[in-house]
Structures are given as structure tokens and as C-alpha cells.
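Chemist: Requesting a structural model of the entry that follows:
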Amino acid sequence: MIGIANRRGRHGVVIHLLLLLATTVALLSERCLAAEFLVQNAADVSLALLKALPGDTIVLKDGVWTDQWIRFEGNGTAQAPLVLRAQTPGQVVLTGTSRLDISGQWLVVKGLRFENGALASGQHVIRFTGRKGDAANCRLTNVTVVNYNPVDPTIRYFWVSLFGQNNRVDHSRFEGQNHSGVTVVVWRKPDVRDGHIIDRNYFLNRPPGVGNGFETIRIGTSAEASSDSGTLVQLNLFERTDGELETVSVKSGDNDIRFNTFREVVGTVTLRNGDGNLVRGNFFLGDHVAGSGGIRINGRNHVIVNNYFQDLMGLSGGEISLFCGVPNPGPADNPPVDNVTIAYNTVIYSSKAAFKVDEGCGTLNRTVLPQNLQFLNNLVAGNGGPFFAGQAGEGLVLAGNLFFGNNMIPGFQPKQIRFADPKLILAPDNLWRPDADSPSPAINAGAVTDIFLPDMDGQPRDREPDIGADEFSLAPIVHKPLSARDVGPAWDK
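Modeler: This next block holds a predicted model:
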């Protein structure tokens with residue numbers, strides 16, 4: 001009997017513990033069901049944030065929101081971010097003087113539409129900072145900003161300002177900015193790595209501005225250019241973003257500009273200040289538009305690889321232009337170019353030299369020639385200008401390059417620049433590719449290098465690399481020139 005009683009006692013304890021566990025799980029499950037707060041104005045957003053917890057969502061009611069300053073301030077977690085979204089993507093229209101602050105950590109904003117508003121000088125349509133400090137690990141996605149312009153185009157303010165670290169702007173559309181101020185700008189602190197990602201956005205229809213300050217993307221300023229930003233700009237489409245000479249202005253180090261498409265853009269990717277940047281796998285498609293450009297280079301230790309240039313009309317002296325530098329440069333000066341590798345690029349039917357190596361020499365105290373340049377396995381065909389223009393400094397290396405066009409500069413050895421018809425064919429994607437049936441002299445003819453990055457299609461290079469941006473391969477194509485259907489908000493196709 002004693003044994004039976006003990007068994008019954010233990011059984012009762014187990015049942016009691018199970019009941020307690022079930023109650024605890026129920027309470028936890030109730031909290032795990034994230035809350036939603038439907039709001040109608042900026043004041044409602046602030047009130048909802050007093051109650052919101054990680055994983056909750058602030059839902060902006062569909063309609064026109066006029067003159068609303070939304071302060072999205074708080075902290076989520078990596079597993080449970082705090083979300084601010086439109087009730088229906090694209091149906092919350094912010095206008096007038098409306099603007100948005102994102103301040104805190106692990107915050108996500110999505111589905112909003114800013115249209116036909118205007119701000120005062122020095123302000124920001126969307127900024128990743130506010131009363132809770134700079135943002136970290138926050139995201140702006142599936143948003144549009146269209147024609148948010150003042151009456152006076154000299155009024156300077158910014159559309160998206162990235163502060164803090166490890167934030168992302170993606171799948172958004174930025175159209176029609178005509179006033180002074182950068183469309184998307186990274187604001188930096190000295191010696192702090194930013195780690196932002198700007199990807200899969202659609203930038204379009206920015207008319208020419210008057211003077212400087214009309215960039216589409218800018219990473220840093222000259223004052224912080226000696227430190228690394230570590231920002232990734234990838235898979236964006238730029239169409240007719242003609243605000244100024246520097247469409248993408250890089251003023252910091254260790255950034256990666258990759259797999260973007262530039263169509264009919266009167267501007268360039270400019271490495272203005274900072275060292276150790278990588279520009280790879282981009283498509284520059286000029287469509288013979290006057291002033292359409294490629295890449296401009298200042299600074300040291302850059303790698304320009306696997307880019308494709310077609311039908312450009314030469315905004316600079318070459319489709320890739322390397323600038324003479326200023327001796328002992330100050331923060332805003334052109335620093336000398338040193339140790340830059342330009343490899344596996346393809347230039348087709350462009351009006352200027354493919355590569356200009358002493359751009360700007362003799363102006364603005366720029367007297368130091370670029371030095372220690374490596375031109376490896378580049379393909380140039382159908383050019384109106386030469387393969388190579390200007391005078392480089394010491395340490396020039398050329399190997400595995402192929403040229404077929406006008407104005408070949410004498411004095412180069414065949415191993416440095418081979419003159420031959422590359423036998424290209426126009427592929428269904430409207431890109432000129434080496435013909436494997438002819439076969440093209442570009443195939444398996446490149447000099448061996450220590451650059452093993454995939455080609456412009458994202459295909460691997462083999463042990464006998466081809467010349468130019470396109471490695472002949474049967475592997476799947478991963479990257480391609482982008483169109484409007486590949487980028488921007490899902491609801492705005």
C-alpha cells in the first residue's frame with residue numbers, strides 16, 4: 001500500500017507540473033502573437049510605439065498623409081524586428097512636407113509612397129537617425145520617392161540619408177529628383193565602418209543640375225575619405241540619372257560597386273577619394289547618348305574588373321579615366337593614382353579612348369602621373385578612339401589585351417596589346433560576345449592572373465581565361481543587364 005500511495009503522489013506532482021508548463025506556454029504563445037497597431041497620423045505612430053514590442057507592426061492606414069513627420073523610433077531584435085508598413089503597399093501617399101526618421105535598431109519600413117512633396121533646405125525625406133540616435137541593422141524596402149521637389153531647384157536637401165551601421169535600402173524606386181542634394185547618401189564618422197547595403201533599387205530620370213551636389217549615390221565626404229566605409233552598392237538600375245558628372249561618387253575606402261546597370265546615363269562611377277575600392281561586373285550601356293560615361297579614378301589600390309561598356313559617348317577622356325594627382329593632397333584634392341588593376345573589361349563601340357591615363361594633368365595643380373597600373377586581359381573593339389591614351393607614370397604593366405579599332409598607338413608589343421579582329425557576335429541579350437564557332441581569338445587567350453572573380457555573367461573563369469568581361473562558359477548566367485522588372489518595389493512594376 002505504501003508503494004501504491006507513493007506512485008499516486010508522484011503522479012499528482014507530474015500532473016501539477018504539466019499544468020504549470022501548459023499555462024506558461026500559453027502565456028508565452030500569447031506574447032509570441034505579435035500585435036498590430038493601425039494608425040492614421042504621425043502622432044498615432046508615436047503613441048503606438050509606447051506600447052509596441054519587438055515583433056510588433058505599426059500599420060499606416062491607406063490614404064494621403066500630408067505634412068506628417070513620422071518618427072519611427074524603437075528597438076526590435078534580429079529575430080523579431082519592429083515594423084512600420086503601409087496598410088496596402090503603395091496606398092499610403094506621403095506628401096507636402098512629410099518626412100520619416102528611422103532611429104534605433106532592427107527596424108523595418110516598407111510599402112510607403114512619397115510623392116510630389118517638398119522640404120526645406122538641409123532636411124531629409126528619409127533619414128536613418130533621430131531622437132534615439134543613429135540606426136543600426138535597419139531596413140527601408142519597397143518604397144518609392146517620386147518628384148519630391150521644391151519650386152526652386154537650388155534648395156538643397158536629401159532624399160535618403162544613411163547614418164549608423166549595417167543598414168539596407170532595397171527594392172525601392174527614386175524618380176524625378178531635379179533639385180540640389182544627393183538621392184541616397186552615406187553620412188560617415190571618421191574611422192567607423194558603415195557596412196550599408198544599397199541594392200535592387202531603380203534610379204531614373206534625374207535631369208542635369210547646375211554645378212556640383214546632384215549625385216545619385218554618394219558614399220562619404222572628402223573629410224572622412226581616409227577610412228573605410230565597406231558599403232555595398234549592387235544590382236541597381238540607373239536610367240537617365242544625369243544630375244552631374246559623378247552619378248555614383250565614392251569618397252571612402254573598401255566599397256564594392258557591383259552588378260549594376262547604367263543606361264543612357266550622362267555621368268560616371270567616380271572613385272573620387274578613398275582607397276581599395278572594387279568596381280566589378282557592371283554594365284554601362286550608353287545607347288550613343290551624348291556624354292554617356294564609364295568610370296573615373298583617383299586614389300590607390302583599386303580593382304576595376306569584369307565591366308562591360310557599350311555605345312558610350314565619352315564624358316571623360318576615356319571610358320575608364322585615371323586622373324593625375326596633386327602632390328601632398330588635402331582632403332578635397334585629387335589624390336595620386338597608384339597600384340590600380342584594370343582587368344577583364346570589354347569596351348565596344350565607344351567614341352573616346354578605352355583607357356585614359358593622365359586625365360586632368362596640368363589643371364588644378366594635378367601634376368603627379370598615375371603609376372603602377374596593370375592593364376590585363378581587356379578587350380576593346382570598334383572604338384572611335386585608341387585603346388590607350390595619355391602618358392602613364394612608372395610601373396606600367398600590360399598583358400593579354402586585345403584591340404580592334406582605330407588609332408592604335410605605336411610602340412606596344414604584341415604580348416601587351418594584340419591587334420586582331422575579336423570575332424564578336426551580337427547575342428540575343430544585345431551584348432557583343434566572343435564567337436565560339438569562329439573561334440574568337442579572345443577565347444582561352446588571356447594572360448594568367450591572380451584574379452579569380454567570376455565574369456560579368458557570374459560564370460567562373462577557367463585555367464585558360466578569356467580576354468574581356470565575358471568568359472565563354474556553359475554555366476548558368478547569374479547576372480545580366482537589368483531592366484525595370486528586375487528592380488524596385490514589387491507593387492510598382
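
Chemist: Going by C-alpha atoms from here, please, whenever you check contacts or count neighbours.
Modeler: OK.

Chemist: Distance of Arg193 relative to Asn301?
Modeler: Taking C-alpha to C-alpha, to the nearest Å as the measure, Arg193 falls 18 Å from Asn301.

Chemist: Quick check: what element follows the helix or strand Ser249 falls within along the chain?
Modeler: Assessed by DSSP states H and E, Ser249 sits inside strand 246-251. Using DSSP H and E, the helix or strand that directly follows strand 246-251 along the chain is strand 256-258.

Chemist: by contact count, what packs against that following strand?
Modeler: Judged by 3 or more C-alpha pairs under 8 Å, 6 or more residues apart in numbering; DSSP states H and E, strand 256-258 is in contact with strand 232-234, strand 278-280.

Chemist: how about the helices in the chain?
Modeler: Here the chain has its helices, by DSSP state H, at 2-32, 42-51.

Chemist: where among these is the average confidence lowest?
Modeler: For the helices of the chain, mean pLDDT drops lowest on helix 2-32, to a mean of 45.

Chemist: Correct me if wrong: Leu100 contacts Glu73.
Modeler: No. In this structure Leu100 lies outside contact range of Glu73 using C-alpha atoms under 8 Å: 10.2 Å.

Chemist: Name the residues contacting each of these two.
Modeler: The contact sets of Leu100 and Glu73 do not overlap (C-alpha atoms under 8 Å, 6 or more residues apart in numbering).

Chemist: I'd like to check which residues are in contact with the spatially most central residue of the chain.
Modeler: Nearest to the geometric centre of the chain sits Val233, at 2.0 Å (C-alpha atoms, centre = their mean). If you count contacts by C-alpha under 8 Å, 6+ apart, Val233 has them with Ile197, Ile198, Asp199, Asn255, Asp256, Ile257, Arg258, Asn260.

Chemist: Check Ile425 too.
Modeler: When contacts are counted by C-alpha under 8 Å, 6+ apart, Ile425 touches Trp432, Arg433, Pro434, Asp435.

Chemist: picking up where we left off before, looking at the helices and strands packed on strand 256-258, which one is packed in the most?
Modeler: Highest mean neighbour count among the helices and strands packed on strand 256-258 (mean count of other C-alpha atoms under 10 Å): strand 278-280, with a mean of 23.

Chemist: circling back to that earlier point, could you provide the helices and strands packed on strand 256-258 in JSON lines, with additional columns for distance to Arg461 and mean pLDDT?
Modeler: Converted to JSON lines, the helices and strands packed on strand 256-258 look like this (distance: least, C-alpha to C-alpha, whole Å; pLDDT from 0 to 100):
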{"stretch": "strand 232-234", "distance to Arg461": "21", "mean pLDDT": "98"}
{"stretch": "strand 278-280", "distance to Arg461": "14", "mean pLDDT": "98"}
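
Chemist: need these in a markdown table with distance to Thr141, can you?
Modeler: As requested, those are exported to a markdown table (distance: least, C-alpha to C-alpha, whole Å):
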| stretch | distance to Thr141 |
| --- | --- |
| strand 232-234 | 15 |
| strand 278-280 | 24 |
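
Chemist: lowest-confidence helix or strand of this structure?
Modeler: Within the chain, no helix or strand scores below helix 2-32, which has a mean of 45 by mean pLDDT, DSSP states H and E.

Chemist: Contact partners for the residue nearest to Val266 when sequence neighbours are not counted?
Modeler: Distances taken as C-alpha to C-alpha, 6 or more residues apart in numbering put Ser292 closest to Val266, at 4.2 Å, once the chain neighbours are dropped. Neighbour list for Ser292: Glu264, Val265, Val266, Gly267, Thr268, Gly286, Leu312, Met313, Gly314, Leu315 [criterion: C-alpha under 8 Å, 6+ apart].

Chemist: Closest one of the contacts of Val233 to Gly405?
Modeler: Nearest to Gly405 out of those is Asn260 (C-alpha to C-alpha; 26.9 Å).

Chemist: Of all the helices and strands packed on strand 256-258, which one comes closest to Val337?
Modeler: Here strand 278-280 is closest among the helices and strands packed on strand 256-258 (C-alpha to C-alpha), at 14.5 Å.

Chemist: Okay, now the sheet partners of the closest one, with direction.
Modeler: strand 256-258 (parallel), strand 303-305 (parallel) (DSSP bridges).

Chemist: Mean pLDDT, mean neighbour count and distance to Lys110 added to those strands, as a markdown table?
Modeler: Formatted as a markdown table, the strands paired with strand 278-280 follow (pLDDT from 0 to 100; neighbours: other C-alpha atoms under 10 Å; distance: least, C-alpha to C-alpha, whole Å):
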| stretch | mean pLDDT | mean neighbour count | distance to Lys110 |
| --- | --- | --- | --- |
| strand 256-258 | 98 | 21 | 24 |
| strand 303-305 | 98 | 23 | 34 |
